[in-house]
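Asks: Below are the sequence and a predicted model; questions follow.
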Amino acid sequence: MNYLDGLNERQKEAVLLTEGPVSVLAGAGSGKTRVLTTRIYHLIRQGVAPERILAVTFTNKAAREMRERLSASLGQEVAVWRKGSVPFIATFHGLGRELLETYGRMLGTPRHFSIFDRDDSERAVKAALKSLDMDPKEVPPRAILSRISKAKGEGQTLAEFRERHGHESFRSRITADAWDVYEKTLRDEKALDFDDLIHLPVKLLEEHEEVRRLVEDRFHFIHIDEYQDTNDLQGRLTNLLAGARKNVFVVGDIDQTIYTWRGATIDNLLEFDRVYPEAKTIVLEHNYRSSKNIVDAANQIIEKNKNRKEKRSVTENAQGETIHVHMAQTGDREAQFIAQESQRLIRNGMPPEDIAVLYRTNFQSRALEEAFLTAGVAYRLLGTQFYDRKEVKDVIAWIRLALDPSREADRMRAVQFPSRGIGKVTLGKLAAGKREDLKAGERAKVEAFEKIMCDLHTAAPSVHPSEFVRLVIEHSGMKATYEKGGEDDAERLQNAQELATLASRHDALVGEEGIAAFLADVALASDQDEMDRKKERKGVTLMTVHAAKGLEFGTVFVAGLEEGLFPHEGMGDGEERDEEEERRLFYVAVTRAKSRLYLTLARVRRIYGTDFLQEPSQFISDIDASLITYQHHEEEDSIEA
């Protein structure tokens, strides 16, 4: 079994333990992805049918990388890697979509449903509030949606929420009423939201034993990556999938639990051996990523947390550079230092793509972007801006409407761009179902729009997804409209056309199935998917620490290490700082670095227009002084001063 060569003893143990429940506590840089993919490969080599294997992770990018690694391992072994006989590797939401498309008829779920992204959901909740005569400025749709999402994530139905919380406060009553209207919108649009993709499969498996048996028979070996990031409902789904065989293999790191604010619970991993008393636990402590100084600093940081399982990373890597700490006078000067130091490193031969600047909150990116622009250093800002662009959302609305002409929200968007003289009055009549009230000119414009949509609807079943995107851009009139504009419109057209490139990933499927798969990928797109799309754009990466999880870079700057910023204070709305989660977040930031780590801060920070005198973060003092070099330029004061 030469595929085990290169694995350490703990990694081999994890790969070869194929029966029963297993939890792997995998420290940063410990090779957990290699362990997961090698274990799946081992199962297939031992004769397990590939389609009996399930692997679930948290991002499309991670799932895609796992598929690619497995495909490379299996190579030309077509007997076990043939079409229709492959492991099912997906995100939790992708798995939920598959279960609902296959078995959802038991719950009355449409065979071809669309997926509301967060913007779609927020718009629907805003409309629900307006229908209840609520001013969205006084009752923010985002806050109401967050409350609904949290309740769904806990497995609550609307009726249960109303019974538990409906009498607590005005906000709770409004949440329940808005939820009721929101659910009606989802039904009318034949749509589900992100939370439905988890709580409906749980409901399906808990309430329908025959479906549960089918799923248990389909998946004999369950693998869950990043188990520390699962919420209550995802934990329940995992246990339901494991079923009577209990062949469930979970991998996670309690020290990297940084999403409790999104509903993740550390308890799923902490209490795994309580749920499965017979479970084997394997600890991967060998760090293959970082220098010894960085590993030692990370250990010193995280060992102060109490709510964890004992784990201390070790490495055989070189001692490496000491950790560089720099205090600037202001936030702008801090950003200038980072940009100039990045420039120096690049001139000395470091690829800019191997440098990352991490920060705790999004507002910090403004000064950093300006500094990098001024210094002439190329950078890429990680985020989901591409999918937030108007032109991208316009194309998606046209595609969804072409597939399902009953989607009223998409009709309202598509009919307005490109402009075809259909104004608000006409739209109001259509929305109110008063088509007979349209004047002759209005009716002609509407019918011309509907003819285009009908042609696209007719074409959908017989074309590849990428071709369908191109048809939409041309037949809708977007291409002609943008070609008449200037440079900004040319860029908008390029963004719209980029969707065809993304859709081509699904060209193996012709027609509505492929187009639906493409739309699902767009709806489930994550921050790291965005970076993957932009990988051809060279430059230093700027991103939040949350977005950096799972990534690694030769050089990492962690900016804004000041009390109140990192660790971060509550948001002023009753939220309190979770000291241990902030420490875990800093641990994640530090362990992204392979060979060089900078910790930077400002003596004075301007936040929301006001200057604040800052104190150095407690996290810096958690690191032994022997591991640190304090840096400052002639015009700056040292942190030691």
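Replies: Here it is on my side, so go on. Numbering: from 1, shown residues only.

Asks: what about the residue of the chain positioned farthest from its centre, distance to Glu450?
Replies: In the chain, counting by CA atoms, centre = their mean, Ala440 sits farthest out from the average C-alpha position, at 47.8 Å. Note on Ala440: its distance to Glu450, by CB to CB, to the nearest Å, is 15 Å. To be clear about C-beta, it is placed using only N, CA and C from the backbone, and glycine gets the same treatment.

Asks: Now do the same contact list for Ala508.
Replies: Contact analysis of Ala508 by CB atoms under 8 Å, 6 or more residues apart in numbering lists Gly514.

Asks: how about the helices of the stretch 151-300 of the chain, start to end?
Replies: 158-165, 170-188, 196-207, 209-218, 232-242, 267-270, 272-275, 292-302 (DSSP state H, counting those that start in this stretch).

Asks: Including mean neighbour count, could those go into a markdown table?
Replies: What follows is these, written out as a markdown table (neighbours: other CB atoms under 10 Å):
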| stretch | mean neighbour count |
| --- | --- |
| helix 158-165 | 15 |
| helix 170-188 | 17 |
| helix 196-207 | 21 |
| helix 209-218 | 14 |
| helix 232-242 | 21 |
| helix 267-270 | 21 |
| helix 272-275 | 16 |
| helix 292-302 | 23 |
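
Asks: The helix or strand hosting Asp120 vs helix 170-188, what angle?
Replies: If you go by DSSP states H and E, Asp120 is part of helix 118-131. Using axes from the mean of the first three to the mean of the last three CA atoms, to 10 degrees, the direction of helix 118-131 lies 120 degrees away from that of helix 170-188.

Asks: what about helix 118-131, distance to the chain center?
Replies: 22 Å (CA atoms, centre = their mean, to the nearest Å).

Asks: And for stretch 258-268, what's in contact with it?
Replies: Against stretch 258-268 from outside (CB under 8 Å, 6+ apart): 149-150, 153-154, 227-232, 234-235, 238, 254, 257, 307, 545-546, 549, 578, 581, 584-585, 588.

Asks: what comes up buried for stretch 418-438?
Replies: 422, 426-427, 429-430, 438 (16 or more other CB atoms under 10 Å).

Asks: now the spatially closest residue to Ser291 that is not a sequence neighbour, what's its secondary structure?
Replies: Nearest residue to Ser291, sequence neighbours excluded (CB to CB, 6 or more residues apart in numbering): Gly320, at 2.5 Å. Here Gly320 is recorded as coil under DSSP: H, G, I helix; E, B strand; the rest coil.

Asks: Do I have it right that Gly320 meets Val295?
Replies: No: using CB atoms under 8 Å, Gly320 makes no contact with Val295, being 9.1 Å away.

Asks: Grab the nearest non-local neighbour of Glu581.
Replies: Glu581's closest residue in space is Thr260 (CB to CB, 6+ apart), at 5.8 Å.

Asks: any idea how far that neighbour lies from Ile301?
Replies: Thr260 is 18 Å from Ile301, by CB to CB.

Asks: sorry, back to before: and the helix holding Asp120, what does it pack onto?
Replies: If you count contacts as 3 or more CB pairs under 8 Å, 6 or more residues apart in numbering; DSSP states H and E, helix 118-131 packs onto helix 141-153, helix 170-188, strand 191-193, helix 408-414.

Asks: Quick one: residues contacting Cys454.
Replies: Contact analysis of Cys454 by CB under 8 Å, 6+ apart lists Pro405.

Asks: could you redo the last one with a cut-off of 10 Å?
Replies: By CB atoms under 10 Å, 6 or more residues apart in numbering, the residues touching Cys454 are 402, 405, 447.

Asks: Let me know the next secondary structure element after the helix or strand hosting the last one.
Replies: Using DSSP H and E, Glu447 sits in helix 440-459. Next along the chain after helix 440-459, taking DSSP H and E as the criterion, comes helix 465-475.

Asks: And that next one, what's buried?
Replies: 465-473, 475.

Asks: CSV for these, including distance to Arg312 and pLDDT?
Replies: Listed next are those as CSV, based on distance: CB to CB, whole Å; pLDDT from 0 to 100:
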residue, distance to Arg312, pLDDT
Pro465, 48, 92
Ser466, 49, 91
Glu467, 55, 92
Phe468, 53, 95
Val469, 51, 93
Arg470, 55, 92
Leu471, 58, 95
Val472, 55, 95
Ile473, 55, 94
His475, 61, 93
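
Asks: related to what we said a few turns ago, out of the helices and strands packed on helix 118-131, which gets nearest to Ser626?
Replies: helix 141-153 (44.2 Å; CB to CB).

Asks: low-confidence ranges in the stretch 1-150 of the chain?
Replies: 1, 74-84, 137 (pLDDT under 70).

Asks: Please list all residues in contact with the spatially closest residue to Gln11 that is not a sequence neighbour.
Replies: For Gln11, ignoring the flanking residues on the chain, the nearest one in space by CB to CB, 6+ apart is Val35 at 5.2 Å. Val35 sits next to 7-8, 10-15, 24, 26, 249, 251, 282, 284 when contact means CB under 10 Å, 6+ apart.

Asks: pLDDT wise, what is the closest residue to Ala448 other than its chain neighbours at?
Replies: With sequence-adjacent residues excluded and distances taken as CB to CB, 6+ apart, Ala448 is closest to Arg420, at 6.9 Å. On pLDDT, Arg420 comes in at 82.

Asks: go on, the one 4 residues further on?
Replies: As predicted, Lys424 sits at a pLDDT of 75.

Asks: do you know how far it is from Ala431?
Replies: Taking CB to CB, one finds Lys424 at 10 Å from Ala431.

Asks: now Glu447
Replies: Taking CB to CB, one finds Glu447 at 17 Å from Ala431.

Asks: quick one: buried residues of stretch 327-340?
Replies: 327-328, 330-340.

Asks: now, the most widely separated pair of those residues?
Replies: Farthest pair in these (CB to CB) is Met327 and Ala339. Separation: 16.5 Å.

Asks: Using JSON lines, please lay out the buried residues of helix 465-475 together with distance to Asp180.
Replies: Listed next are the buried residues of helix 465-475 as JSON lines, based on distance: CB to CB, whole Å:
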{"residue": "Pro465", "distance to Asp180": "35"}
{"residue": "Ser466", "distance to Asp180": "40"}
{"residue": "Glu467", "distance to Asp180": "41"}
{"residue": "Phe468", "distance to Asp180": "35"}
{"residue": "Val469", "distance to Asp180": "36"}
{"residue": "Arg470", "distance to Asp180": "40"}
{"residue": "Leu471", "distance to Asp180": "38"}
{"residue": "Val472", "distance to Asp180": "34"}
{"residue": "Ile473", "distance to Asp180": "38"}
{"residue": "His475", "distance to Asp180": "38"}
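
Asks: which one among these gets closest to Gln416?
Replies: Nearest to Gln416 among the buried residues of helix 465-475 is Val472, at 15.3 Å by CB to CB.

Asks: mind checking how far stretch 508-523 is from the chain centre?
Replies: For stretch 508-523, the distance to the chain centre is 19 Å (CA atoms, centre = their mean).
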